[in-house]
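*Asks:* Here's a sequence, model it:
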Amino acid sequence: MRWHKEVRKDENGVLRHPADGRAWKHFDDLYPKFADDSRSVRLGLSSDGFNPFSNMTTTHSMWPVILMPYNMPPWCTMHKSNYLLSLLIPGPKSPGKDFDVFLRPLVDELKVLWRDGVEAYDGYLKAPFTLYAAVIWTISDFPAYAYLSGWSTMGKLACPICLEDTRSNRIRGKQCYTGHRCFLSKTHRWRKNLEFDGKQEKRQRPRQFTGDDILRQVADIPTCTTGKAPSNEDRKRKRGSDELNWSKKSILFELPYWSKLLVRHNLDVMHIEKNVCDNIVGTLLNDPVKSKDTTKARLDLEDLNIRKEQWLKERNGRYEKPHANFTLTKDECVEFCKFIKSVRLPDGYASNISRCVTDHNTLGGMKTHDCHVLLQKILPVAILPFLNKDIRETLIEFCQFFQKICSKTLYAKELEDMKTGIVIILCKLEKIFPPAFFTIMVHLCVHLPEEALLGGPVSQRWMFGIERRMDDIETRFNRAERNWDVTTTKHEMDLFNNKVRTLGASKFGQLGEYLEVVQWYIYNNCGVELDSYLKEHKEALSSRGIREANLDTIQRQEFPFWFKNKMALLRVNGDPRATDDLYALSQFPDDRYTSWQSCIVHGVRFRCKERDDKFTTQCSGVSVGGEDEAMIYYGVLLEVLELDFILGRKVFMFRCKWYNTDPKGKRMVVNHKLTSIDITSKWYVDEPFIFANQAQQVFYLNDYARGKNWMVVQKVHHRNIYDILEHDEDEVLMNDIFQEEESSELPPFQPTEELPETSLAVRNDVEPETLPYEEVLAMRNVNAPVDDLESIDDEYDDVGKVFFNNEPVLDFETEHDSDEPNCNSDDDDSLA
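*Replies:* Reported below is the predicted structural model:
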């Protein structure tokens, strides 16, 4: 419980834990007495509805309320053994706006924990103490966000961050959330561009509302009778226009510190990714259910008087719908789905996404993690052969934004750049897609970098950990871990501390001509223990008059025998420098070795290429860094070697085939920040070995844009690996960082400020779609409904999905505020 303060190392500008965020530090400044005791518990509160029955057709929704302590390292905080099940709200219906009724006993206890504390016993110090605790934020999906915060996350003011300054428009049949140019600086040239929505953007960016601002807004909300009884008149209370989207004052405001928090409720990036992915893929593939390029969407363009090339054309008694440049043709959809079917992902990394391809050349049945992997890793490669350059670059930038924001290590400077970058991307998307594309989930992306600056890494503030670890409910996500680790052997030299679990049958091999190569690689890469001996031997060679140019070659030939004789002499004389590890290392490995086809290293499964080709997963891709930090070598695993030394020491090595990734050559190309490699090339044929624990797993995707022998390489970001610096007395120790994908390892996030050409809005090489005349005419004659805030009913169904009533709602733009700024903030250049 002291880890966050006494063990964790604080690095300026680096965010690896919520304690690195501004919200945590702001809380410490406000309440120094609470912060002084490192045992004071910071809690996150999370809730989500689930069906406890295996038969999902049974309508039943139960809501556990879970507390998780953030004092501990991330791998402990998000582990189910440290979850505190404080409440279990029974079904069969979701609690809805009555959530506060069930939270009452928990809030009462939290007030006691804050004000008086409770007597506890410190097992480390062997002494009693008073324990205090505070809830620092909530984690939930978007419907539960409304339950916990009291702000209705639907309608024209659906954004819980922008609140009354939400930029939205009512279009045919729905609300869209465009107008992201207001986040640009006042002098940005895009503000005067009429091609976005037919107007200049003169509004300032939305204000940042504090807890005190919210308390003033909810002060006059009447107290309503709770419950869902049909006789309860307050069950569907109609709000007045002065109440905005507030349905209640959250019970959490009874906590003395709640209004002072910088982050009270977290936006769930997991569900935002899922909705964004569905929008993009559904529109690209012209999915009849998920596409945002519908007939109504084309009529919206006419209403806004923009993109006339995409308007419906009346011809010969029918309407024709021109093929938009952001939608694939039928043949391209076939090729796109063919690529998805060819995707093979590492074992334990994601499900078999190829199964999501339907008979109609669309994607269906994708879970949240499928969308997470598809959006960040697969989609940028899948669209390379399709779409024009402007659209392709914008979508790839959008995918890379999510890849950056989901990194387990974030950098404050990069997040500041991302605050500007995501606005640029959303503005470019407004030029590409119809307004119907911009649901509330797309809009929420603009707030994610700022929330990461306040709260720290997303991986400790989203719903993945909660939904995957619903205990006592058997799912594929909470079964026993497939790739479990073995216990690490404990020797003085890290070289012999193997965390490798071999799999399958083995056979014996002989090093033969590779013996010298293996020996020198071990000696040259085993660690600092041999540095002094290598230096001593090189000085001895220099004293013999050997030229500098030949030193490395001669040392490689003579050092193994020199080191063997030296260690033997020290051992005979009882010199303590000749430790068991160094002596075993000096005596050479056995020429015979054990060969394996599969193994698990630090929880990651590797498989040799020959065997890997028979599986639906891909576990043969490997990479390793070079002496130059910018140089990375990519290849495939050919063989796992278990080398035996005397005194029971073992070393595991990989024999690999390396592809030519020389940046000066023509066998590797970086385009759209994606690395494509010619897999027919070879490099370092005479030096194929690395240590097993040096390998980082990668996987390869077909690059249809370049040809048959080219593949795009993608690094694997495993869920259970963290990169955390820790204090250990006078040393700073790096926690196990194997397979970690830091933000710094990803390409720089620098979206281009080039708008797509409007003249290329349709594809003239594709026949337009023919639509029934009467159907289109009926849609055209129906005016968009007028919004009326007093008639909004913000109820949810029993599984947490939003449903809308038939009452009209107010139009966002009025004759009084269509082009005028609607906030008082002068800080309009903060994103520039």
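*Asks:* What segments of the stretch 1-150 of the chain are strands?
*Replies:* 14-15, 41-47, 63-69, 84-89, 118-122, 127-131, 133-139 (DSSP state E, counting those that start in this stretch).
*Asks:* and the shortest one, which strands flank it?
*Replies:* Looking back up the chat, that one is strand 14-15. Strand pairing for strand 14-15, using DSSP bridges, gives strand 410-411 (antiparallel).
*Asks:* could I get the strands of the stretch 1-150 of the chain as CSV with mean neighbour count, mean pLDDT and distance to L755?
*Replies:* From N, CA and C alone the C-beta is placed, and that goes for glycine too. Output for these, formatted as CSV (neighbours: other C-beta atoms under 10 Å; pLDDT from 0 to 100; distance: least, C-beta to C-beta, whole Å):
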stretch, mean neighbour count, mean pLDDT, distance to L755
strand 14-15, 22, 94, 32
strand 41-47, 23, 95, 40
strand 63-69, 20, 93, 44
strand 84-89, 14, 91, 48
strand 118-122, 11, 94, 59
strand 127-131, 12, 94, 56
strand 133-139, 22, 96, 37
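*Asks:* In TSV, list those strands along with distance to T178.
*Replies:* Listed next are the strands of the stretch 1-150 of the chain as TSV, based on distance: least, C-beta to C-beta, whole Å:
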stretch	distance to T178
strand 14-15	31
strand 41-47	31
strand 63-69	34
strand 84-89	37
strand 118-122	50
strand 127-131	49
strand 133-139	28
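*Asks:* for these, which one sits closest to R547?
*Replies:* R547 lies closest to strand 14-15 among the strands of the stretch 1-150 of the chain, at 45.6 Å (C-beta to C-beta).
*Asks:* how about the strands of the stretch 1-150 of the chain, which one is nearest R605?
*Replies:* When the strands of the stretch 1-150 of the chain are compared (using C-beta to C-beta), the closest one is strand 63-69, at 28.7 Å.
*Asks:* Quick check: which of the strands of the stretch 1-150 of the chain is nearest to K657?
*Replies:* Using C-beta to C-beta, the strands of the stretch 1-150 of the chain put strand 14-15 closest to K657, at 36.2 Å.
*Asks:* tell me how far the closest one is from the chain's mean position?
*Replies:* Distance of strand 14-15 from the chain centroid (C-alpha atoms, centre = their mean, to the nearest Å) equals 16 Å.
*Asks:* Look at Y700 and say how many residues are nearby.
*Replies:* Y700 has 22 neighbouring residues, counting by other C-beta atoms under 10 Å.
*Asks:* ok, back up a step: can you check which of the strands of the stretch 1-150 of the chain gets nearest to L637?
*Replies:* strand 14-15 (32.6 Å).
*Asks:* what's the closest one in contact with?
*Replies:* Outside strand 14-15, the residues that touch it by C-beta atoms under 8 Å, 6 or more residues apart in numbering are D20, G21, T409, L410, Y411, A412, L415, A452, L453, G456, P457.
*Asks:* Tell me the spatial nearest neighbour of the second one, not counting adjacent residues.
*Replies:* This means G21. Nearest residue to G21 in three dimensions, chain neighbours excluded: G456, at 3.9 Å (C-beta to C-beta, 6 or more residues apart in numbering).
*Asks:* Next up, the contacts around that neighbour.
*Replies:* L15, R16, H17, P18, A19, D20, G21, W24, L410.
*Asks:* do T327 as well
*Replies:* Counting by C-beta under 8 Å, 6+ apart, T327 makes contact with T283, L284, L285, N286, S291, D293.
*Asks:* try 10 Å
*Replies:* 283-286, 291, 293, 333, 386-387, 762-763, 766, 769 (C-beta atoms under 10 Å, 6 or more residues apart in numbering).
*Asks:* With L110 instead?
*Replies:* Applying C-beta under 10 Å, 6+ apart to L110 gives the contacts L43, L45, L67, S86, L103, A133, A134, V135, L252, E254, L255, W258.
*Asks:* and if you look at Q200?
*Replies:* Per C-beta under 10 Å, 6+ apart, neighbours of Q200: R181, W190, R191, K192, N193, L194, D819.
*Asks:* mind listing what L163 touches?
*Replies:* W151, L157, P206, R207, Q208, F209, D213, I214, Q217, L244, N245, W246.
*Asks:* rerun that using 6 Å as the cut-off
*Replies:* The contact partners of L163, by C-beta atoms under 6 Å, 6 or more residues apart in numbering, come to F209.
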